[in-house]
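Peer 1: 3D model of this:
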Amino acid sequence: MSVAINKLKGIVVDQNNNFQGKSLGVIREIEFEKYLHTDKIVILTGMRRTGKSTLLRQFAQHFENYHFLNFDDERLLNFDLSDFENLILIFKQLNESKILFFDEIQNIPHWENFVRRLHDEDYKVFITGSNAKLLSSELSTHLTGRYQKIEIYPFSFREVLKYFDFNCQKFDQSTVQKSFILQKFDWYFQNGGLPEMIKYQDFEIILKTYEDIIYRDIISRFAIRDIKTLKQVSFYLFNNIATEFSYQNIKNILNIASTTTVKNFVSYLEDAYLIFELFKYDYSLKKQFINNKKCFGIDHGLQKKLSISPSLNLGRILENIVFLELKRRGKTVFFHRNKYECDFVTWENNQIKELFQVCYDFNAQNRTREIAGLVEAMETYQIEQGVILSFDQEEIIEQANRKILVVPVWQWLIEDKLTMGLEEKNNI
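Peer 2: Numbering: from 1, shown residues only. Presented below is the predicted three-dimensional model:
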């Protein structure tokens with residue numbers, strides 16, 4: 001089946017009017033210039049309701065004329081590959097722009113063939129999608145070398161401050177400004193960074209978003225029959241953020257028939273951007289896959305909503321925040337564990353580059369353990385400096401000819417350069 005051309009034109013006009021009237025929202029911290037002038041397809045990917053459509057609108061404001069279509073529209077349920085030709089005819093009738101914005105295009109089978117043809121015909125194409133595996137398989141097969149991908153996450157702390165009209169670039173270290181930042185960080189720590197939740201201050205939006213993703217992006221897309229088990233696996237992972245797990249362990253705890261089922265369900269949750277698996281660093285790729293992993297969630301507000309514990313581990317929330325920020329900054333991240341453990345190591349240019357330990361309250365009880373994990377990682381990877389991110393402490397520690405910076409996590413989150421200013425302030 002297909003969509004009648006008159007009906008399709010009405011949908012296009014209607015959607016374009018709505019899109020042009022859409023608020024620009026908080027301007028995301030994206031290098032717009034990097035993507036505006038490339039001749040490659042620009043793909044925005046991430047969890048549902050993390051602001052991909054709004055970011056499309058922010059890109060669109062840079063062009064005088066363009067075309068837009070959101071395929072996540074019930075009126076386009078019968079849209080198929082043959083309708084793309086009519087779509088281009090409609091676009092040409094409206095204006096001659098070769099700038100195209102397609103929202104949730106992965107809903108249409110074989111979309112990648114159409115987008116490739118547009119690219120070859122010198123159209124500038126921006127698309128969004130909410131499923132990592134679906135996009136990656138189609139992109140690698142048909143669009144290799146023709147696209148740039150931007151992964152979208154919930155608001156960073158900098159973007160939350162921007163929402164509250166605070167410009168991080170004008171932070172002057174004054175008591176008034178620091179008090180404001182600490183107040184907003186406490187709010188962010190409690191509620192997370194989902195854009196709609198921040199806008200409407202309705203915390204039930206978090207759970208509604210979660211249910212929408214479970215049913216629309218996983219159960220429906222992968223034809224899941226054992227819904228109860230899927231939800232149990234998801235619930236287990238969100239209640240064990242930042243702790244090691246194995247598929248076998250989850251199988252035994254939840255009494256699931258096979259580890260394959262567990263592995264598949266974890267994969268589906270990750271494809272929908274609800275969770276991320278973190279691997280223990282090892283020089284052997286095989287061992288990385290075999291070893292226990294850790295799990296982190298897409299949003300710490302969601303993590304808290306799904307928790308059954310009345311006193312959720314604050315350190316794990318802080319770890320989740322740091323993990324997501326490292327992902328936003330484009331880092332390839334692992335954890336280190338030998339005799340001791342280091343929470344995050346980043347990989348760049350074929351080597352371990354940075355080391356981070358996360359500790360909500362860096363105190364006498366945990367000081368030796370946290371330093372030992374960081375020093376072991378520094379010695380293992382021959383790194384001269386490591387960072388301990390705490391809730392609101394700062395210090396410089398010299399040990400074994402290596403330097404450890406203890407940095408307030410809120411400061412690290414708002415600064416362009418990691419740990420900027422700490423050494424400068426200590427040298428004044």
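
Peer 1: quick one: buried residues of the helix or strand hosting Leu324?
Peer 2: Using DSSP states H and E, Leu324 sits in helix 314-328. Buried residues in helix 314-328, counted by 16 or more other C-beta atoms under 10 Å: 315-328. The C-beta positions use only the backbone N, C-alpha and C, and glycine is treated the same way.

Peer 1: Tell me which other helices or strands that helix touches.
Peer 2: If you count contacts as 3 or more C-beta pairs under 8 Å, 6 or more residues apart in numbering; DSSP states H and E, helix 314-328 packs onto helix 175-191, strand 275-279, strand 293-297, helix 300-305, strand 332-337, strand 341-348, strand 351-358, helix 409-414.

Peer 1: Quick check: mean pLDDT of the longest one?
Peer 2: Okay, so that is helix 175-191. Here helix 175-191 scores 94 as its mean pLDDT.

Peer 1: For the next helix or strand after it, give me every contacting residue.
Peer 2: Using DSSP H and E, the next helix or strand after helix 175-191 towards the C-terminus is helix 195-200. Defining contact as C-beta atoms under 8 Å, 6 or more residues apart in numbering, one finds that helix 195-200 is touched by 25-26, 49-51, 54, 154-155, 160, 163, 191, 202-203, 205-206, 209, 301.

Peer 1: Report the beta-bridge partners for Glu354.
Peer 2: Thr346 (DSSP bridges).

Peer 1: tell me the contacts of it?
Peer 2: 331, 344-346, 383, 387, 418 are the contacts of Glu354 under C-beta under 8 Å, 6+ apart.

Peer 1: one step back: from the contacts of helix 195-200, which would you call buried?
Peer 2: 25-26, 49-51, 54, 154-155, 160, 163, 191, 205-206, 209, 301.

Peer 1: between those residues, which is closest to Asp172?
Peer 2: Using C-beta to C-beta, Val160 is the member of those that sits closest to Asp172, with 19.4 Å.

Peer 1: and the closest one, how far is that from Arg57?
Peer 2: Separation of Val160 from Arg57 (C-beta to C-beta, to the nearest Å): 19 Å.

Peer 1: How about Lys178?
Peer 2: In terms of C-beta to C-beta, Lys178 sits 33 Å off from Arg57.

Peer 1: same check, this time on Glu204
Peer 2: 25 Å.

Peer 1: Look at these two and report which has more neighbours.
Peer 2: Using other C-beta atoms under 10 Å, the more surrounded residue of Glu204 and Arg57 is Arg57, with 18 against 10.

Peer 1: okay if I get the helices and strands packed on helix 314-328 as JSON lines plus distance to Ile30?
Peer 2: Output for the helices and strands packed on helix 314-328, formatted as JSON lines (distance: least, C-beta to C-beta, whole Å):
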{"stretch": "helix 175-191", "distance to Ile30": "20"}
{"stretch": "strand 275-279", "distance to Ile30": "20"}
{"stretch": "strand 293-297", "distance to Ile30": "22"}
{"stretch": "helix 300-305", "distance to Ile30": "22"}
{"stretch": "strand 332-337", "distance to Ile30": "19"}
{"stretch": "strand 341-348", "distance to Ile30": "20"}
{"stretch": "strand 351-358", "distance to Ile30": "22"}
{"stretch": "helix 409-414", "distance to Ile30": "17"}
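
Peer 1: mean pLDDT for these: which is lowest?
Peer 2: helix 300-305 (a mean of 91).

Peer 1: Quick one: residues in contact with that one.
Peer 2: Residues from elsewhere that reach helix 300-305 (C-beta under 8 Å, 6+ apart): 154, 189-194, 197, 203, 206-207, 209-210, 238, 241, 297, 312, 316-317, 320-321, 324.
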